[in-house]
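Undergrad: Give me a model of this one.
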Amino acid sequence: MGGLFRHRDFRHFWLADAISQVGTRVSGTAISLLVVITLHATTFEVSVLRTLQTLAYLLIGLQAGAWCDRVRNRPVLVGADLGRAVALGSIPVAAVFGALTIWQVYAAVFVAGVLTVFFDVAHQWFLPRLVAKADLIEGNAKLKFSTSAAALVGPGLGGLLVQWLAAPVAVLVDAVSYLWSAAWLRTVRVREGVAPGLREAALREQIREGLRLVLRHPVLRAIALNNMVSALFSSAYLAISTLFLVRVIGLSAGAVGLLGSLGLVGALLGSVLARRLSRKVGAARLLVTVVVVEGLAYLLVPLTGPGWQLAWYVVAGLFTSTCVIIVIVVQVSFQQTLCPDHLLGRMNATMNFLYWGAAPVGSLLAGVLATGIGLRPMLWVAGGGMLLAAVPLVLSPLRRMVDLPAGEVSETSPS
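TA: Below you'll find the model as predicted:
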């Protein structure tokens, strides 16, 4: 192992992330199949599930960022993992006693979603504390490689576990993976500090600082707008994609998982290519190009049909998953480089709030529109929206940039 894998704390941080990512992907597939196949949910009920998974970002996302800037973040990460293990572990427990209902699934995913808000903000804050700014691209790429591997293995494994055993068993895998993550995070020894005065500052003013930074800086603002629009339409797509494959195409649980895994081979490719391509063509140029390609790839999904026409879904998955990993790696590296250290938590929370705040709206939109116009037409709407998401970045100052800036910007960079 080379590069950052020789860095003890980063290595333990990566190990904590890797297995929990697999568990999350397994339960993501399993919970969707659970409500569709076992609990016989309607299209709207499935969209409500997706909404509850992300609603917490809209409710407490900004407050979580300001709060995480005030405290040490390793305990936040460990506590969130333990809480998510309990919340999702309640699903297989209820199933064993024959008491599982869609309302309990809703409650479990909402509680897990609240804890995920704090985990995600603290997770993005933590990496710049572990590695130098010059290593952020490599660090983010290595973390996204494990995400990509999980995206490749998880859906197929989740589908097979549902088909061979039961959906609650697959959800249990995720609960155990969070315990694994908490155990490894406890071994990270980095010393954390809190900037003087943050504990005494008013929470509302701290939130405003994070918002001002993102909305006044032209590059961060363009990234935020791209995130909002892509979250709206990618959540609409995710809310109905499993339903589309099961009820329109007629696939089994195992086939749904396998198809998702085949498409997500691209995620591994994206994590490998992100660093190489950013060095070759420049991070800014790469980001602008890839968001356009991603939008075009989503327009292949509605062409999916039985037999050989499943190839459209696989090809779309290959391109979209490759692109989304590259976009995440480059965008997060820009965010971590452009943001002053003492505002990292609030900047991350603002970005997450704008992204995930749009996600529940997209999920509900998909449920309502798909009920009226059908699942396939809704996929066309989602694909067109993903292409539209590229516009803020295409029109941003990124067109005139090549690589990540060498230094930080101030909190009030002019637009």
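Undergrad: what does stretch 280-295 contact?
TA: Taking contacts as CB atoms under 8 Å, 6 or more residues apart in numbering, the residues outside stretch 280-295 that touch it are 137, 226, 230, 277-278, 319-320, 323-324, 326-327, 330-331, 333-334, 383, 386-390, 393-394, 396, 398-399, 401-404. Every C-beta, even on glycine, is put in place using the N, C-alpha and C of the backbone.
Undergrad: Now that stretch: buried residues?
TA: Of the residues in stretch 280-295, those scored as buried under the neighbour-count criterion (16 or more other CB atoms under 10 Å) are 282-295.
Undergrad: pull the helix or strand with minimum mean pLDDT from the protein.
TA: The element with the least model confidence among the helices and strands of the chain, by mean pLDDT, DSSP states H and E, is helix 136-164, at a mean of 67.
Undergrad: Helices along the stretch 101-250 of the chain, start to end?
TA: Ranges of helices within the stretch 101-250 of the chain are 102-130, 136-164, 167-185, 203-216, 218-243, based on DSSP state H, counting those that start in this stretch.
Undergrad: so which of the buried residues of stretch 280-295 would you say is closest to R74?
TA: For R74, the closest of the buried residues of stretch 280-295 turns out to be A283, at 28.8 Å, with distances computed as CB to CB.
Undergrad: picking up where we left off before, need the least confident one among the helices of the stretch 101-250 of the chain, by mean pLDDT.
TA: Averaged per stretch, pLDDT over these is lowest on helix 136-164, reaching a mean of 67.
Undergrad: re earlier: so among the contacts of stretch 280-295, which ones count as buried?
TA: Buried among these by 16+ other CB under 10 Å: 137, 226, 230, 277-278, 319-320, 323-324, 326-327, 330-331, 333-334, 383, 386-387, 389-390, 393, 396, 398, 401, 404.
Undergrad: Can you report how many residues lie near L33?
TA: Other residues near L33 number 25, with proximity taken as other CB atoms under 10 Å.
Undergrad: actually A122, sorry about that
TA: 27.
Undergrad: Mind putting the buried residues of stretch 280-295 into JSON lines with distance to A170, secondary structure and pLDDT?
TA: Shown next, in JSON lines, are the buried residues of stretch 280-295 (distance: CB to CB, whole Å; DSSP: H, G, I helix; E, B strand; the rest coil; pLDDT from 0 to 100):
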{"residue": "G282", "distance to A170": "42", "secondary structure": "coil", "pLDDT": "83"}
{"residue": "A283", "distance to A170": "37", "secondary structure": "helix", "pLDDT": "82"}
{"residue": "A284", "distance to A170": "40", "secondary structure": "helix", "pLDDT": "83"}
{"residue": "R285", "distance to A170": "41", "secondary structure": "helix", "pLDDT": "86"}
{"residue": "L286", "distance to A170": "36", "secondary structure": "helix", "pLDDT": "88"}
{"residue": "L287", "distance to A170": "35", "secondary structure": "helix", "pLDDT": "89"}
{"residue": "V288", "distance to A170": "38", "secondary structure": "helix", "pLDDT": "89"}
{"residue": "T289", "distance to A170": "37", "secondary structure": "helix", "pLDDT": "90"}
{"residue": "V290", "distance to A170": "32", "secondary structure": "helix", "pLDDT": "92"}
{"residue": "V291", "distance to A170": "33", "secondary structure": "helix", "pLDDT": "92"}
{"residue": "V292", "distance to A170": "36", "secondary structure": "helix", "pLDDT": "93"}
{"residue": "V293", "distance to A170": "32", "secondary structure": "helix", "pLDDT": "93"}
{"residue": "E294", "distance to A170": "29", "secondary structure": "helix", "pLDDT": "92"}
{"residue": "G295", "distance to A170": "32", "secondary structure": "helix", "pLDDT": "92"}
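Undergrad: Present the residues you listed as TSV; the columns should include distance to S241.
TA: Listed next are the buried residues of stretch 280-295 as TSV, based on distance: CB to CB, whole Å:
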residue	distance to S241
G282	33
A283	30
A284	31
R285	31
L286	27
L287	25
V288	27
T289	25
V290	21
V291	20
V292	22
V293	20
E294	16
G295	17
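Undergrad: between these, which is closest to A349?
TA: Using CB to CB, L287 is the member of the buried residues of stretch 280-295 that lies nearest A349, at 21.7 Å.
Undergrad: how near is that closest one to N348?
TA: Using CB to CB, to the nearest Å, we find L287 at a distance of 18 Å from N348.
Undergrad: With R279 instead?
TA: Between R279 and N348 the distance is 25 Å, computed by CB to CB.
Undergrad: what about those two, which has more around it?
TA: Set side by side, R279 and N348 give different neighbour counts by other CB under 10 Å, the larger being at N348 (27 against 12).
Undergrad: any idea how far V121 is from that one?
TA: Using CB to CB, we find N348 at a distance of 5 Å from V121.
Undergrad: cool, I91 as well?
TA: For I91, the distance to V121 (CB to CB) stands at 25 Å.
Undergrad: between these two, which one's more packed in?
TA: The residue with more neighbours, out of I91 and V121, is V121; 33 against 26, by other CB under 10 Å.
Undergrad: How many neighbouring residues does E205 have?
TA: Using other CB under 10 Å, E205 has 9 other residues around it.
Undergrad: check contacts around it.
TA: With the criterion set at CB under 8 Å, 6+ apart, E205 makes contact with nothing.
Undergrad: Wait, Q331 touches A222, no?
TA: No. Shown here, Q331 and A222 do not form a contact pair, counting by CB atoms under 8 Å, at 10.0 Å.
Undergrad: about what we covered before: in helices, which of the buried ones among the contacts of stretch 280-295 appear?
TA: When DSSP state H is applied, the buried ones among the contacts of stretch 280-295 are split such that 137, 226, 230, 277-278, 319-320, 323-324, 326-327, 330-331, 333-334, 383, 386-387, 393 fall in helices.
Undergrad: okay, now the closest residue to R247 other than its chain neighbours: neighbour count?
TA: Sequence neighbours aside, L375 is the residue nearest to R247 in space, at 7.4 Å (criterion: CB to CB, 6 or more residues apart in numbering). The local packing of L375 (other CB under 10 Å) involves 20 other residues.
Undergrad: OK, contacts around L375?
TA: Applying CB under 8 Å, 6+ apart, we find L375 in contact with T43, I240, L243, F244, R247, V248.
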